[in-house]
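# Kindly generate the corresponding structure for this input.
(2 chains)
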Number of protein chains: 2
Amino acid sequence: MTPNLARPGVLARQPIGDFRTEAGATIPEVTVAYQRWGSYRVDADGTSNVVLVEHALTGDSDAASWWGDLVGPNKAIDTDRYCVICTNVIGGCQGTTGPGSAHPADGRAWGSRFPAVSIRDQVEVEKQFLDSLGITSVFAVIGGSMGGARCLEWSYLHPEVVAAAAVFAVSARASAWQIGIQGAQIAAIENDPSWHGGDYYDTGTAPNAGLATARRIAHLTYRGELEIDERFGTTPQTGENPLGAHRSAGQRFAVESYLDYQARKLTARFDAGTYAVLTDSLNRHDIGRGRGGLNRALSEITVPTLVAGVDTDILYPYHQQEHLSRNLGNLLGMAKIVSPVGHDAFLTETRQMDRILRNFFEQVDPDAPGAAGQIEYYI
Amino acid sequence: MTPNLARPGVLARQPIGDFRTEAGATIPEVTVAYQRWGSYRVDADGTSNVVLVEHALTGDSDAASWWGDLVGPNKAIDTDRYCVICTNVIGGCQGTTGPGSAHPADGRAWGSRFPAVSIRDQVEVEKQFLDSLGITSVFAVIGGSMGGARCLEWSYLHPEVVAAAAVFAVSARASAWQIGIQGAQIAAIENDPSWHGGDYYDTGTAPNAGLATARRIAHLTYRGELEIDERFGTTPQTGENPLGAHRSAGQRFAVESYLDYQARKLTARFDAGTYAVLTDSLNRHDIGRGRGGLNRALSEITVPTLVAGVDTDILYPYHQQEHLSRNLGNLLGMAKIVSPVGHDAFLTETRQMDRILRNFFEQVDPDAPGAAGQIEYYI
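Numbering: from 1, shown residues only, chains lettered A, B, ... in the order given. This is a model prediction of the structure:
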């Protein structure tokens, strides 16, 4: 049976039925938004050419946009060879059911009724989505940050589906530091008077001031201090004087203006309720929970996995990817992205990402271009 | 003339007259709170045995408490040999004039009327304080973090007073990353409805929720993620379940409870207005401002200076201390504190700090115990 897939590049919504979370809540009538690029093929042995790309916290299904240099014809994630599918995560706000969606019971927004979801829930929703399309085989799952966490859970939960994985800038579980800084972001949203306990969707306001605060903090964990300092240093914002006789919120350094701009960009496109739900998902990330601990769970992952990290990442420091590489049951290779950019380097360091991803496909796909006679890199 | 100093260990308040800030505001009738330990002496050539200890952002004049293992008889900062003086900074809330102090004009709190102060202002107030006591020579200035910034400015501004300096875990100027994360903390305080534009002192409330948020963020920049993760990992707080079917602010991970506890401890002893003023001071730190740039200003510092930093510091990364060491005009030596603790290691890694400080005194004081025949360490 050939799956009835959306037209290439077009956002589509697939109903997948009810979903029960790891912690025991039920979300009825879930819809998953997704995009796909490239033609679906399946070999005689049942192996498909589906590559699942997993987005990060504030990403969406438009991988050809946010990974524009890496996803496309003849690019590292080659849509001429692979059927690339990217879904918006459960709890999201870009088409998949989330706290801002209409509750089937009364048509009002889910709001505070929307349950907590774990990374495992995100994966199981995506599994249910593939099942609903009749896709039973995935050539590779690829993602960074929260997307990388999903790749690890995919490999643990469904090795019968996934043939290979490439995970970037993530860890085996949340660290206490991450929980601390991410908890502060959730608190910033929940302390906004417009939050209304999560039920702000029909009030005409939104906790965007809280979301903006969360984003400013988060952005500083995504970007290396070297990169930010290179760009802004202690330069005042044009026309403002942060060195005046009295401190004033309107008199900013350039970096403060930049963070305000990043915050505004996010609040214009993203829902605070989703931000809180997904940030909580990150806090719950733990590959070892209920499976005998981190290292045992990792050792039981048999899916061939490439691991990569960023040398200047303070959110998911490189030692966390080294830990993955030592303990995964079937490590394909390990790569270091060298960059002043920090965590976001998996989104911005295109040249290095291109090389790492091409090497990944050369290792897992005997027919990949350049797989024979290519330089074997240190990964 | 022998200065009329407070009795050893006792908090005293010294009126120093009016003070004009770098940015042009006037603070009339400033009082400086201080403590001292050890007897004052002055050599025939006018060199005193005064050691100025400079506290960090939320510190105070009680150096024998917060540096209890380093300040005292026979300790590295030896109160049997030196007259140790520690003042509470201008803008503070531990006895020195700050936004919570009574304004001389009307007896009400300064509040929003309190001007911005720079690190240079902090030093010039301390200079005016020493002048008021008749102290014209300082054997050494020693401090970490904001205290280290003051040591650098002391050396630049008053080489005729200061004979040597030891600076820990600081930089030549604020970095854009610091300004970003510190600006977020100021915003957290100013966005608290109890802030009242800075004039909350007679309202019966205080922006302690905002201050708590600021502290939670700050604490994660003071502590290395390795150390925090060692202690808490993903452990739930006892009796709470952060993995339930719905997210709840009352169901926390242990690290969140720990950060809440740290925040409560601070709000119980510290004023939000002072926190905002001093955090802004840190944002204004720039040894090069108006002096031809960072490296030129550093090269003009002729005071012999020891520099030390922490390998895991994310707030003042070690490369910033390497930068100081390359550019200071008269470097005594450079030391690395190796610790999972991060920035706060200059407060917690007593053994390493003890060795570094004893080496410092052996280099600058020919009569220091062990100065002859001692192992010469790599500093």
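# doesn't A:Asp80 make contact with A:Asn74?
Yes. A:Asn74 lies in contact with A:Asp80 (C-beta atoms under 8 Å); the separation is 6.2 Å. Placement of C-beta: from N, CA and C, glycine included.
# These two: which has the busier surroundings?
Neighbours were counted for A:Asn74 and for A:Asp80 using other C-beta atoms under 10 Å in any protein chain shown; A:Asp80 has more, 12 against 9.
# what's the spacing between that one and chain B?
41 Å (C-beta to the nearest C-beta, to the nearest Å).
# Quick check, that residue in contact with A:Gly38.
Yes. At 6.7 Å, A:Asp80 and A:Gly38 qualify as touching, with contact defined as C-beta under 8 Å.
# shared neighbours of these two, which are they?
Common contacts of A:Asp80 and A:Gly38 (C-beta atoms under 8 Å, 6 or more residues apart in numbering or on different chains): none found.
# what's the neighbour count on A:Arg296?
13.
# Also A:His196?
16.
# Tell me the spacing between it and chain B.
Note on A:His196: its distance to chain B, by C-beta to the nearest C-beta, is 14 Å.
# wait, that residue sits on A:Ala206?
No. A:His196 lies out of contact with A:Ala206 (C-beta under 8 Å); the separation is 9.6 Å.
# contact partners of stretch A:12-30?
A:6, A:31-35, A:90, A:95-97, A:104-105, A:114-118, A:120-121, A:124-125, A:128-129, A:131-133, B:243-246.
# Can you say which of these are buried?
Among those, the ones that count as buried by 16 or more other C-beta atoms under 10 Å in any protein chain shown are A:6, A:31-35, A:90, A:95-97, A:114-118, A:120-121, A:124-125, A:128-129, A:132-133, B:243.
# low-confidence ranges in chain A?
Scanning chain A for pLDDT under 70 picks out the ranges A:1, A:370-379.
# Let's check: the centremost residue of it is which one?
Taking C-alpha atoms, centre = their mean, the centroid of chain A lies closest to A:Ala56, which sits 1.7 Å from it.
# how near is that one to chain B?
As for A:Ala56, its distance to chain B is 19 Å (criterion: C-beta to the nearest C-beta).
# And for A:Phe270?
Distance, A:Phe270 to chain B, using C-beta to the nearest C-beta: 18 Å.
# So what's the residue count around that residue?
Neighbour count for A:Phe270, taken as other C-beta under 10 Å: 20.
# Need the three-state assignment for the closest residue to it other than its chain neighbours.
The shortest distance from A:Phe270 to any non-neighbouring residue, by C-beta to C-beta, 6 or more residues apart in numbering or on different chains, is to A:Thr58 (5.6 Å). Following DSSP: H, G, I helix; E, B strand; the rest coil, A:Thr58 is assigned to coil.
# correct me, but A:Thr58 touches A:Tyr275?
Yes. At 7.3 Å, A:Thr58 counts as touching A:Tyr275 under the criterion of C-beta under 8 Å.
# before we move on, back to that, A:Ile142 is in contact with the residue nearest to the centre of chain A, correct?
No. Counting by C-beta under 8 Å, A:Ala56 does not reach A:Ile142; the two are 12.0 Å apart.
# on that earlier part again, need the contact list for the residue nearest to the centre of chain A.
A:143-147, A:347.
# ok, so what distance separates the nearest residue to it once chain neighbours are set aside from chain B?
When the adjacent residues along the chain are set aside, A:Ala56 lies closest to A:Ser145, with 4.0 Å between them (C-beta to C-beta, 6+ apart). Here the criterion is C-beta to the nearest C-beta. By it, A:Ser145 lies 16 Å from chain B.
# before we move on, what about A:Ala105?
16 Å.
# and if you look at A:Arg41?
In terms of C-beta to the nearest C-beta, A:Arg41 sits 40 Å off from chain B.
# Also A:Tyr34?
26 Å.
# Which of the three states applies to that residue?
On the three-state scheme (three-state DSSP), A:Tyr34 is labelled strand.
# Ok, the one 5 residues further on next?
The local conformation at A:Ser39, judged by three-state DSSP, is coil.
# What is the neighbour count of the residue lying closest to it once chain neighbours are set aside?
Using C-beta to C-beta, 6+ apart and skipping residues adjacent in sequence, the residue nearest A:Ser39 is A:Cys83, 6.1 Å away. A:Cys83 has 23 neighbours, counted by other C-beta under 10 Å.
# next one: A:Ala206
For A:Ala206, the neighbour count with other C-beta under 10 Å is 20.
# Show the contacting residues for it.
By C-beta under 8 Å, 6+ apart, the residues touching A:Ala206 are A:194, A:200, A:267, A:271-272.
# And it, which helix or strand is it part of?
When elements are assigned from DSSP states H and E, A:Ala206 belongs to no helix and no strand.
# Show the backbone phi and psi for it.
For A:Ala206, the backbone dihedrals (degrees, to the nearest 10) come out as phi -150, psi 150.
# Among the buried ones among the contacts of stretch A:12-30, name the ones in strands.
A:31-35 (DSSP state E).
# How about the backbone phi and psi for the residue nearest to A:Asp131 when sequence neighbours are not counted?
Spatial nearest neighbour of A:Asp131, chain neighbours left out: A:Ile16 (7.8 Å); criterion: C-beta to C-beta, 6+ apart. Torsion angles at A:Ile16 (phi, psi; degrees, to the nearest 10) stand at phi -120, psi 10.
# Touching, A:Ser118 and A:Arg284? I think so.
Yes. Applying C-beta under 8 Å, one finds A:Ser118 in contact with A:Arg284, separated by 4.5 Å.
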